[in-house]
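Q: let me see the structure of the following:
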Amino acid sequence: MKFSVAYNGDLDLIHRLSEYKSVKHIYGVMSNNQVGSGRRMKGLPPLGQENIEQAVRIAKQYGMEFNYLINGSCMGNREYYREERYHIEKLLDWIDGIGVTWITVANPIILQLCKKKHPKLKISLSSFANVDNVERAKYFIDMGVDEITVRENINREFSLLERLSQLSSCEMQVLANQTCLYQCPLQFYHDNVMSHGSLVLSTDEKNDLPFDQCMFFCTYKKFSNPQNLIKARWIRPEDLSIYKKYGIHKFKITDRIKSTDWLVKVVGAYHQQRYPGNLADILNIIPFKDKRSAGVLQKGIHFNVDRNFRNAAVALLSMHVFIDNQGLDGFIKPFTEQSCQQKDCNTCQYCRKVGEKVLSFNAETATGVAVLRKQLSYI
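A: Numbering: from 1, shown residues only. Predicted structure coming up:
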């Protein structure tokens with residue numbers, strides 16, 4: 001079992017993760033660069049070149065590899081222009097020079113540029129490349145990727161995961177603790193929103209948004225219709241052995257905005273393949289919670305915006321769900337026996353029935369849902 005863990009800029013995180021030999025990769029990125037990644041700048045801990053260089057060195061001391069993220073789904077076509085291509089090439093030169101061994105990409109132009117200029121760098125394909133079938137995986141394997149993080153929508157499609165795991169020597173990786181809406185209609189759009197928000201455009205900050213309306217939509221849908229929390233393709237620590245049977249041995253743990261204590265707790269649970277109590281404690285359900293610092297939180301949600309947004313942000317922080325993890329024993333078994341891809345969830349009702357047994361919410365959640373509904377009405 002192998003884990004790739006988000007790096008939040010705290011060097012102590014790497015020291016603490018060293019006690020888990022299953023942690024093979026640390027992934028991260030500078031918070032301020034002209035090539036971008038898959039998360040908006042606002043709200044991320046500020047990380048510069050020196051911090052990343054130190055992280056790479058410390059990770060190597062513990063036998064871990066650093067994976068640098070260049071995984072934005074869109075650069076606004078900037079990669080086609082000579083001046084912008086220069087920034088990409090300069091970044092790749094620096095990455096290779098400081099001892100990074102992996103990069104994560106979603107953009108095929110950057111993928112091809114890396115293969116040509118830096119053939120020793122291993123390439124991990126981001127989930128933003130939307131690999132959710134065999135044929136798409138084969139195209140990227142032909143381009144030379146060494147690893148593919150599949151789109152989380154297929155995390156419970158075990159026959160498909162097994163077939164993907166059998167493709168050449170390219171390893172398949174799945175997201176373990178992400179809780180995006182299953183088959184979210186905003187998914188591709190949200191990828192682009194975050195990717196554009198990660199780019200530095202000289203001194204113009206208008207490239208980033210004051211808040212993330214997609215995140216509000218996602219949270220509202222999960223808390224107003226609790227079966228969506230069960231349908232989200234997270235993986236219980238106890239079920240990792242099931243994935244191993246289908247050829248999946250590597251798991252990615254998010255998120256880069258989270259605190260060191262939280263990330264270490266999550267890694268510990270997955271390493272031990274056991275977490276008694278509230279499964280929500282180790283799932284990335286509400287991004288604002290368990291952030292690295294309150295200062296980053298306030299910067300990230302732009303408290304100078306209108307009152308409706310401030311109210312929605314406060315509502316998010318007050319919402320809480322309890323997921324009885326022990327009550328989920330055996331939950332994954334039906335997914336190993338059949339596919340969800342041609343099912344209507346309203347007809348199936350399996351996740352709804354499970355949710356009724358294992359989910360409970362605090363009193364503030366109902367109020368929070370109402371506030372989020374009001375915020376979404378302002379689009």
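Q: the residue nearest to residue 144 when sequence neighbours are not counted: what secondary structure?
A: What sits nearest to residue 144 in space, not counting adjacent residues and going by C-beta to C-beta, 6 or more residues apart in numbering, is residue 115, at 4.9 Å. (Glycine included, C-beta is placed from N, CA and C.) Put simply, residue 115 is helix when judged by DSSP: H, G, I helix; E, B strand; the rest coil.
Q: tell me which element the residue lying closest to residue 34 once chain neighbours are set aside is part of?
A: The shortest distance from residue 34 to any residue other than its chain neighbours is 4.5 Å, reached at residue 87 (C-beta to C-beta, 6+ apart). Here residue 87 is covered by helix 82-97, with elements defined by DSSP states H and E.
Q: direction included, what does whichever helix or strand comes after that helix pair up with?
A: Using DSSP H and E, the helix or strand that follows helix 82-97 towards the C-terminus is strand 102-105. The pairing partners recorded for strand 102-105 under DSSP bridges are strand 65-70 (parallel), strand 122-125 (parallel).
Q: mean pLDDT and distance to residue 15 for those - can I get that in a markdown table?
A: Compiled in a markdown table, these are given as follows (pLDDT from 0 to 100; distance: least, C-beta to C-beta, whole Å):
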| stretch | mean pLDDT | distance to residue 15 |
| --- | --- | --- |
| strand 65-70 | 98 | 14 |
| strand 122-125 | 98 | 24 |
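Q: with residue 339 as the reference, name the closest of these.
A: strand 122-125 (23.2 Å; C-beta to C-beta).
Q: what are the contacting residues of the closest one?
A: For strand 122-125, contacts defined as C-beta atoms under 8 Å, 6 or more residues apart in numbering pick out 67, 101-106, 111, 114-115, 131, 140, 144-149, 173.
Q: pLDDT weak spots in this protein?
A: 41-43, 201-210, 288, 291-306, 378-379 (pLDDT under 70).
Q: about what we covered before: my guess is the residue nearest to residue 34 contacts residue 36. True?
A: No. Using C-beta atoms under 8 Å, residue 87 is not in contact with residue 36, being 10.1 Å away.
Q: so between those two, which is more surrounded?
A: More crowded of residue 87 and residue 36, by other C-beta atoms under 10 Å: residue 36, with 27 against 17.
Q: buried only: go through the contacts of strand 122-125 for me.
A: Buried by 16 or more other C-beta atoms under 10 Å: 67, 101-106, 111, 114, 131, 140, 145, 147-149, 173, out of the contacts of strand 122-125.
Q: spit out the contact partners of the residue most central in space within the chain.
A: Centroid check for the chain by C-alpha atoms, centre = their mean gives residue 254 as the closest residue, at 5.0 Å. Residues near residue 254 by C-beta under 8 Å, 6+ apart: 6, 175, 177, 178, 284.
Q: now do 6 Å
A: 6, 178, 284 (C-beta atoms under 6 Å, 6 or more residues apart in numbering).
Q: top of those residues by neighbour count?
A: Of the contacts of residue 254, with other C-beta under 10 Å as the count, residue 284 tops at 23 neighbours.
Q: next, that one: phi, psi?
A: phi -90, psi 80 (degrees, to the nearest 10).
Q: mind checking how far it is from residue 140?
A: Computed as C-beta to C-beta, to the nearest Å, the residue 284 to residue 140 distance reads 25 Å.
Q: now do the helices in the stretch 1-150 of the chain.
A: 11-17, 49-61, 82-97, 108-117, 134-143 (DSSP state H, counting those that start in this stretch).
Q: out of these, which comes closest to residue 73?
A: Comparing the helices of the stretch 1-150 of the chain by C-beta to C-beta, helix 108-117 comes nearest, at 10.9 Å.
Q: name the helices or strands packed onto that closest one?
A: Helices and strands touching helix 108-117, as assessed by 3 or more C-beta pairs under 6 Å, 6 or more residues apart in numbering; DSSP states H and E, are absent.
Q: what are the C-alpha coordinates of stretch 142-162, in PDB please?
A: What follows is stretch 142-162, C-alpha atoms only, in PDB (Å, rounded to 0.1, in the frame of the first residue of the first chain):
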ATOM      1  CA  ASP A 142       0.900   6.400 -25.300                       C
ATOM      2  CA  MET A 143       2.000  10.000 -24.500                       C
ATOM      3  CA  GLY A 144       4.300   8.600 -21.900                       C
ATOM      4  CA  VAL A 145       2.700   9.100 -18.500                       C
ATOM      5  CA  ASP A 146       4.000   6.900 -15.700                       C
ATOM      6  CA  GLU A 147       1.000   7.200 -13.400                       C
ATOM      7  CA  ILE A 148      -2.700   8.100 -13.700                       C
ATOM      8  CA  THR A 149      -5.000   9.500 -11.000                       C
ATOM      9  CA  VAL A 150      -8.400   8.400 -12.200                       C
ATOM     10  CA  ARG A 151     -11.400  10.600 -11.900                       C
ATOM     11  CA  GLU A 152     -13.000   9.900  -8.600                       C
ATOM     12  CA  ASN A 153     -16.400   9.100 -10.200                       C
ATOM     13  CA  ILE A 154     -15.100   5.600 -11.000                       C
ATOM     14  CA  ASN A 155     -13.700   4.900  -7.500                       C
ATOM     15  CA  ARG A 156     -16.300   2.200  -7.000                       C
ATOM     16  CA  GLU A 157     -16.300   0.800 -10.500                       C
ATOM     17  CA  PHE A 158     -14.200  -2.200  -9.500                       C
ATOM     18  CA  SER A 159     -14.200  -4.100 -12.800                       C
ATOM     19  CA  LEU A 160     -13.100  -0.900 -14.600                       C
ATOM     20  CA  LEU A 161     -10.400  -0.200 -12.000                       C
ATOM     21  CA  GLU A 162      -9.100  -3.800 -12.400                       C
END
